[in-house]
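Enquirer: could you work out the structure for the sequence below:
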Amino acid sequence: MLRLSRFLPSASRRGFDLKDALWNGSLTFQQAVSTSAANLDENPGKKFASYTVFKGKAALSVHPILPSFCRIESGGSRVNKNGSVMLTFFPAVGQRKYDYAKKQLFALSPTEVGSLISLGPAESCEFFHDPSMKSSHEGQVKKSLSITPLGSDSGYFVNLTVLNNVQKTTDRLSVPVTKAEFAVLRTALSFALPHIMGWDQVLTNHHTATPATKPRVERPHPDSEWER
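Expert: Numbers count the residues shown, from 1 in each chain. Next up is the predicted model:
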């Protein structure tokens with residue numbers, strides 16, 4: 001079994017050089033931010049890729065999460081768990097060093113991805129998530145993500161606020177994204193959108209139409225954000 005302990009420092013050294021680790025290949029993105037190490041065992045042949053922006057106070061990594069399908073009575077399959085685009089924030093603890101233990105996650109739904117793709121130079125948007133919505137833990141952790149322009153058409157601030165009512169803490173992380181970096185994100189998100197919706201699999205496999213089912217809520221699965 002491939003364990004994080006092979007790649008991450010001990011608990012006594014919470015800050016590590018994430019930038020160097022990602023660049024030199026000694027630490028893959030999935031090993032750095034996976035919400036479950038079991039994913040590595042269940043999908044030994046799966047490939048992982050991310051786009052990471054490193055700044056002085058925090059780093060931001062972005063990667064897609066594909067949906068999962070389940071069989072239906074007609075013999076076909078349908079989306080069982082929505083895909084998303086995961087944003088992972090790492091606070092800086094020194095020059096080129098980021099605290100893995102304090103990472104924060106925010107999963108974008110297809111509609112939220114569309115909001116980012118269509119964002120104009122002077123426009124902003126904001127999303128609110130409760131990872132435990134519609135459960136007995138609703139309201140314990142609340143997250144808000146805002147994207148606001150830097151000004152002079154030079155890029156955006158990507159701001160994450162996490163309010164933990166159980167631990168009585170509020171974490172705020174902000175990453176300035178340049179115009180060029182946001183152009184990369186916009187292109188990557190546009191390419192990923194049909195994949196996180198599962199449309200690429202439907203169109204590639206040419207599945208026949210299946211009986212109509214009840215509409216599903218377009219929120220990313222809460223488990224994807226619940227680590228913090």
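Enquirer: just the helices in the protein please.
Expert: Ranges of helices in the chain, per DSSP state H, are 18-24, 29-33, 38-42, 110-117, 179-196, 199-205.
Enquirer: lowest average pLDDT across those?
Expert: Across the helices of the chain, helix 29-33 has the smallest mean pLDDT, namely a mean of 38.
Enquirer: which residues touch the closest residue to residue 146 other than its chain neighbours?
Expert: Nearest residue to residue 146 in three dimensions, chain neighbours excluded: residue 126, at 4.2 Å (CB to CB, 6 or more residues apart in numbering). The way it works is simple: take the backbone N, C-alpha and C, and place the C-beta from them, glycine included. Residue 126 is in contact with 144, 145, 146, 147, counting by CB atoms under 8 Å, 6 or more residues apart in numbering.
Enquirer: pLDDT below threshold where in this protein?
Expert: Scanning the chain for pLDDT under 70 picks out 1-44, 205-228.
Enquirer: tell me the centre residue of it?
Expert: residue 86 (0.9 Å; CA atoms, centre = their mean).
Enquirer: surely that one and residue 109 touch.
Expert: No - contact criterion CB atoms under 8 Å: residue 86 and residue 109 do not qualify, at 11.3 Å.
Enquirer: ok, the residue nearest to the centre of the chain to residue 106 distance?
Expert: 8 Å (CB to CB, to the nearest Å).
Enquirer: what about residue 106, distance to residue 178?
Expert: 20 Å.
Enquirer: so for those two, which residue has more residues nearby?
Expert: residue 106 (25 against 14; other CB atoms under 10 Å).
Enquirer: hey, what's the residue nearest to the centre of the chain bridged with?
Expert: residue 63, residue 107 (DSSP bridges).
Enquirer: check contacts around it.
Expert: Counted by CB under 8 Å, 6+ apart, residue 86 has contacts 33, 62, 63, 64, 65, 105, 106, 107, 108, 224.
Enquirer: buried ones among the residues you listed?
Expert: For the contacts of residue 86, a burial check counting by 16 or more other CB atoms under 10 Å picks out 33, 62, 63, 64, 65, 105, 106, 107, 108, 224.
Enquirer: let's have those residues in CSV, adding distance to residue 136.
Expert: CSV is the format used below for these (distance: CB to CB, whole Å):
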residue, distance to residue 136
33, 27
62, 31
63, 30
64, 31
65, 25
105, 21
106, 22
107, 21
108, 26
224, 19
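Enquirer: and these, which two are the farthest apart?
Expert: 33 and 108 (15.0 Å; CB to CB).
Enquirer: need phi/psi at the residue of the chain positioned farthest from its centre.
Expert: For the chain, the residue at maximal distance from the C-alpha centroid (CA atoms, centre = their mean) is residue 74, at 33.1 Å. In terms of degrees, to the nearest 10, the main-chain angles of residue 74 are phi -70, psi -10.
Enquirer: hmm, residue 105 is touching residue 84, no?
Expert: No - look at residue 105 against residue 84 with CB under 8 Å: they stay out of range, at 10.1 Å.
Enquirer: quick one, strands of the protein?
Expert: Using DSSP state E, the strands of the chain run over 15-16, 51-54, 58-65, 68-71, 77-81, 84-94, 97-99, 104-108, 125-129, 141-149, 155-164, 169-178.
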